[in-house]
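Q: Make a model of this:
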Amino acid sequence: MEYIHSYLKGGSWFTLGDSITERGWYQPIVAENLGLAHWTNYGIGGTCIAQKNEHDNSAICLRYKTMGEDPDLITIWGGGNDFGFNFGSEGGTEIGDRNDKTSLTFYGAMDLLLTGVIKKYPLARVGFCCYDTRFNCAWS
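A: Prediction:
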């Protein structure tokens, strides 16, 4: 923890995600504990990692492209809405397979998101939290 704290002290943090991120409840606590100078919230409630359909421009796998420049830390928190957006009435996001490169499946959107974030921000530390709403738990 000491290394992480010294590396990030005075740095900047981008948070990208759904309503958990949009609420802004965890960012002040984490920023204070890590000594971060500032953080920027890119959370939008109700959004999925994958596109809900081909007209959905709010998907997390697309929104990283609109974030600012040169963060020291990026965290991405999402996935719960992919399980069953609109509480499952639309069936949720198709899981796809590991070879997908489309933003319309969970696997494909994850590939596009993580590949894109690492390419756009090669010097940033990246953390990811994905949760399953069925079990009311989180892991990273």
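
Q: So Leu104 sits against Ile95, correct?
A: No - in this structure, Leu104 is not within contact of Ile95 by C-beta atoms under 8 Å, at 11.2 Å. In this view, the C-beta of every residue, glycine as well, is placed from N, C-alpha and C.

Q: Have a look at these two and say which one is more surrounded.
A: Leu104 (18 against 13; other C-beta atoms under 10 Å).

Q: Please spell out which residues along the longest helix belonging to the chain are buried.
A: Counting residues, the longest helix in the chain under DSSP state H turns out to be helix 106-120. Using 16 or more other C-beta atoms under 10 Å as the test for burial, helix 106-120 gives Phe106, Tyr107, Gly108, Ala109, Met110, Asp111, Leu112, Leu113, Leu114, Val117.

Q: Tell me the one of the residues you listed nearest Ala59?
A: Nearest to Ala59 out of these is Ala109 (C-beta to C-beta; 6.6 Å).

Q: Could you pull out the strands in the protein for me?
A: All strands of the chain, identified by DSSP state E, fall at 12-17, 38-43, 73-78, 125-132, 137-139.

Q: before we move on, back to that, just the angle for the longest helix of the chain relative to strand 12-17, thanks.
A: If you take axes from the mean of the first three to the mean of the last three C-alpha atoms, to 10 degrees, helix 106-120 sits at 170 degrees to strand 12-17.

Q: ok, and what's touching helix 106-120?
A: Applying C-beta atoms under 8 Å, 6 or more residues apart in numbering, the external contacts of helix 106-120 come out as 48-51, 59-61, 64-65, 67, 74, 76, 79, 82, 93-103, 124, 126, 128.

Q: now the residue nearest in space to the middle of the chain: how far from Leu104?
A: When C-alpha atoms, centre = their mean is applied to the chain, the residue found nearest the centroid is Ile76 (2.3 Å). Note on Ile76: its distance to Leu104, by C-beta to C-beta, to the nearest Å, is 19 Å.

Q: And for Ala37?
A: Distance from Ala37 to Leu104, by C-beta to C-beta: 38 Å.

Q: can you check Ala59 too?
A: 9 Å.

Q: can you pull the buried residues of stretch 17-28?
A: Residues of stretch 17-28 classed as buried by neighbour count (16+ other C-beta under 10 Å): Gly17, Asp18, Ile20, Thr21, Glu22, Gln27.
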